[in-house]
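K.L.:
Sequence plus the predicted model coming up.
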Amino acid sequence: MDDGTSQYYFTASMDSGKILCSLLKAIQFQESAVFCAMPEGLKVTVEEGKCVQASAYVPSDNFNEYHVRADADVMFKVSLAVLTECLNIFGSGDESSLKMYYRCEGSPLLLVLQPQTVQNVMTDCEIATQTADSVLELRDEDTTEVAKLVLRAPAFLGLLADLERSCDVIELHLSPDHPHVSIVTYGMQDRSCIDVPKSSDMVQSFSCERAVSLRYQLPHIRLIMKALAISSKVVLRCSSNGLLLLQLKLEKEDQRQMFSEFYIVPLLDD
């Protein structure tokens, strides 16, 4: 970054924006996202009604340089579709260095991208921003965690891909006793069930305090599939109020972490 970065609320740079682009595409199920730059890293959040909330997290150590002014609140709404298109402007096959700048409230998010394979070529992008609405707080501090599973992401992705697409409801049964995990789907005319014991190759760890049965919209669960495709593992946490949290660790060659989180609200009992 140049010496003039003090005029900006937020500045950051990284050798390649390719992985960042993949992570953002994994939560791209709405047009707009809330972009929040904090001292510890970057968080980008999308919501679908009051039913699903997904966030991409990029800790600050993933950037070569990263700075947020201490006296600034860097939070704004931006088009996620435009942001990912800009990050991919040189094509998905090329690695491009990335610099980001945000001057102040109401100003555009500035991107500077330079392909690593071509000398003396770069592009500047300005993406309009809007004042961000407040993000839903779905977590309830008074609830307890009743179950936690760590699953291999590729295997879980395969399981979701095999579920009948005509089904619109998924029922999750978790129990300390065998078969431990049962996934039941309901469609217009059929019902199917898949049992996943804790001894399964898919399951890396399993803990469950008591038997619990919860229902969700299957299309909401399917929203995690893009994130699963680029992840190595997924941590599934179920709260006593039925709120489902899925934390997905991104596949990376180095030891630095990027990850996404999905909160999914259960269906109410009839």
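P.N.:
On my side now, so go ahead.
K.L.:
Now do the helices in the stretch 151-270 of the chain.
P.N.:
153-162, 218-222, 225-229 (DSSP state H, counting those that start in this stretch).
K.L.:
how close does Leu138 sit to Leu236?
P.N.:
In this view, Leu138 and Leu236 are 16 Å apart by C-beta to C-beta, to the nearest Å. Any C-beta I mention is one placed from the backbone N, CA and C, and that applies to glycine too.
K.L.:
Compare these two and say which one has the larger neighbour count.
P.N.:
Per other C-beta atoms under 10 Å, whichever of Leu138 and Leu236 has more neighbours is Leu236, with 20 against 17.
K.L.:
Asp71: how many residues sit nearby?
P.N.:
6.
K.L.:
where does it land on pLDDT?
P.N.:
Looking at Asp71, its pLDDT stands at 90.
K.L.:
quick one: it and Tyr102, what's the gap?
P.N.:
For Asp71, the distance to Tyr102 - C-beta to C-beta - is 14 Å.
K.L.:
got it, and Tyr263?
P.N.:
Taking C-beta to C-beta, one finds Tyr263 at 26 Å from Tyr102.
K.L.:
More neighbours: those two, which one.
P.N.:
Tyr102 (24 against 20).
K.L.:
how far away is the residue lying closest to the more buried one once chain neighbours are set aside from Val74?
P.N.:
Spatial nearest neighbour of Tyr102, excluding adjacent residues (C-beta to C-beta, 6 or more residues apart in numbering): Phe10 at 4.2 Å. To Val74, Phe10 is 5 Å away according to C-beta to C-beta.
K.L.:
Which neighbours do those two have in common?
P.N.:
Counting by C-beta atoms under 8 Å, 6 or more residues apart in numbering, the contacts common to Phe10 and Val74 are 37, 68, 102.
K.L.:
residues near Cys193, how many?
P.N.:
Neighbours around Cys193, by other C-beta under 10 Å: 11.
K.L.:
Tell me the bridge partners for Cys36.
P.N.:
Beta-bridge pairing of Cys36 under DSSP bridges involves Lys43, Met75.
K.L.:
what's the burial count for it?
P.N.:
Neighbour tally, Cys36, other C-beta under 10 Å: 19.
K.L.:
residue contacts, Asp61?
P.N.:
41, 256.
K.L.:
Please settle this for me: is it part of a helix?
P.N.:
Yes: Asp61: assigned to a helix according to DSSP: H, G, I helix; E, B strand; the rest coil.
K.L.:
measure it to Met14 for me?
P.N.:
From Asp61 to Met14 the distance is 11 Å (C-beta to C-beta).
K.L.:
Which of Phe10 and Val74 has more residues huddled nearby?
P.N.:
Phe10 (23 against 18).
K.L.:
That one is in contact with Lys99, isn't it?
P.N.:
No: between Phe10 and Lys99 there is no contact under C-beta atoms under 8 Å: 11.3 Å.
K.L.:
Mind checking what secondary structure the residue of the chain positioned farthest from its centre has?
P.N.:
No residue in the chain sits farther from the centre than Asn120, which is 34.1 Å out by C-alpha atoms, centre = their mean. What three-state DSSP gives for Asn120 is coil.
K.L.:
For it, grab phi and psi.
P.N.:
Backbone geometry at Asn120, expressed as degrees, to the nearest 10, gives phi 60, psi 30.
K.L.:
Show me where this structure dips below the pLDDT cut-off.
P.N.:
Applying pLDDT under 70 to the chain flags residues 1-5, 92-93, 252-255, 269-270.
K.L.:
And the strands in the stretch 51-200 of the chain?
P.N.:
Per DSSP state E, counting those that start in this stretch, the stretch 51-200 of the chain carries strands over the ranges 52-59, 65-68, 74-79, 96-102, 109-115, 123-127, 129-131, 145-152, 169-174, 181-186, 191-196.
K.L.:
partner strands of the first one, parallel or antiparallel?
P.N.:
Sheet pairing here is set by DSSP bridges, and for strand 52-59 it gives strand 41-48 (antiparallel), strand 259-264 (antiparallel).
K.L.:
Export the strands of the stretch 51-200 of the chain as JSON lines, with columns for distance to Ala227.
P.N.:
Compiled in JSON lines, the strands of the stretch 51-200 of the chain are given as follows (distance: least, C-beta to C-beta, whole Å):
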{"stretch": "strand 52-59", "distance to Ala227": "8"}
{"stretch": "strand 65-68", "distance to Ala227": "23"}
{"stretch": "strand 74-79", "distance to Ala227": "19"}
{"stretch": "strand 96-102", "distance to Ala227": "21"}
{"stretch": "strand 109-115", "distance to Ala227": "23"}
{"stretch": "strand 123-127", "distance to Ala227": "23"}
{"stretch": "strand 129-131", "distance to Ala227": "24"}
{"stretch": "strand 145-152", "distance to Ala227": "13"}
{"stretch": "strand 169-174", "distance to Ala227": "17"}
{"stretch": "strand 181-186", "distance to Ala227": "18"}
{"stretch": "strand 191-196", "distance to Ala227": "20"}
